[in-house]
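Enquirer: please find the sequence and the predicted model below.
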Amino acid sequence: MRWQGKENGELLQLAARRRFDASITADRNMEHEQNQNTPLPVVVLRTPSLRVRNLQALLPQAIAMLRKRPSRTFHVIGRAGTLTGSGRASNGEAGSGGGE
């Protein structure tokens with residue numbers, strides 16, 4: 001696909017053009033660097049580290065989020081809770097928008 005060396009915004013555009021349903025990332029800065037209206041839903045995994053066990057722990061929440069066909073914005077999930085679009089912490093369920 002030749003996506004190496006592309007910046008985040010360009011990667012999201014390429015994924016949308018190739019008809020990806022969503023993007024999943026553990027990039028802690030992407031949601032702050034990009035416009036909140038993304039070309040496809042972006043699920044951001046928040047973990048204490050990028051160890052496989054930490055990422056695997058979030059997969060059920062990520063799958064549940066994707067099954068809901070989320071809007072084209074950032075959806076942050078993680079153990080430490082999430083922030084909703086209003087900036088208020090949720091109960092740990094998958095949330096949308098915002099950042100920490």
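Expert: Received, thanks.

Enquirer: tell me who's in contact with Ala16.
Expert: Ala16 makes contact with Pro39, Leu40, according to Cβ atoms under 8 Å, 6 or more residues apart in numbering. The way it works is simple: take the backbone N, C-alpha and C, and place the C-beta from them, glycine included.

Enquirer: assign a three-state SS to it, would you?
Expert: Recorded secondary structure, Ala16: helix (DSSP: H, G, I helix; E, B strand; the rest coil).

Enquirer: alpha carbons only: can I get the lowest-mean-pLDDT helix or strand in the chain in PDB?
Expert: Ranking every helix and strand in the chain by mean pLDDT, DSSP states H and E puts helix 30-33 at the bottom, with a mean of 80. The C-alpha coordinates for helix 30-33 follow below in PDB (Å, rounded to 0.1, in the frame of the first residue of the first chain):
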ATOM      1  CA  MET A  30      -3.100  11.900  17.300                       C
ATOM      2  CA  GLU A  31      -6.300  13.200  18.700                       C
ATOM      3  CA  HIS A  32      -4.600  16.500  19.600                       C
ATOM      4  CA  GLU A  33      -2.800  16.900  16.300                       C
END
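
Enquirer: wait, Leu50 touches Ala26, no?
Expert: Yes - Leu50 lies in contact with Ala26 (Cβ atoms under 8 Å); the separation is 5.7 Å.

Enquirer: after the least confident helix or strand of the chain, next one along is what?
Expert: The helix or strand immediately downstream of helix 30-33 is strand 42-46, counting by DSSP states H and E.

Enquirer: quick one, which of Leu50 and Ala26 is more surrounded?
Expert: Ala26 (16 against 9; other Cβ atoms under 10 Å).

Enquirer: wait, doesn't that one sit right on Leu45?
Expert: Yes - look at Ala26 against Leu45 with Cβ under 8 Å: they come within range, at 4.7 Å.
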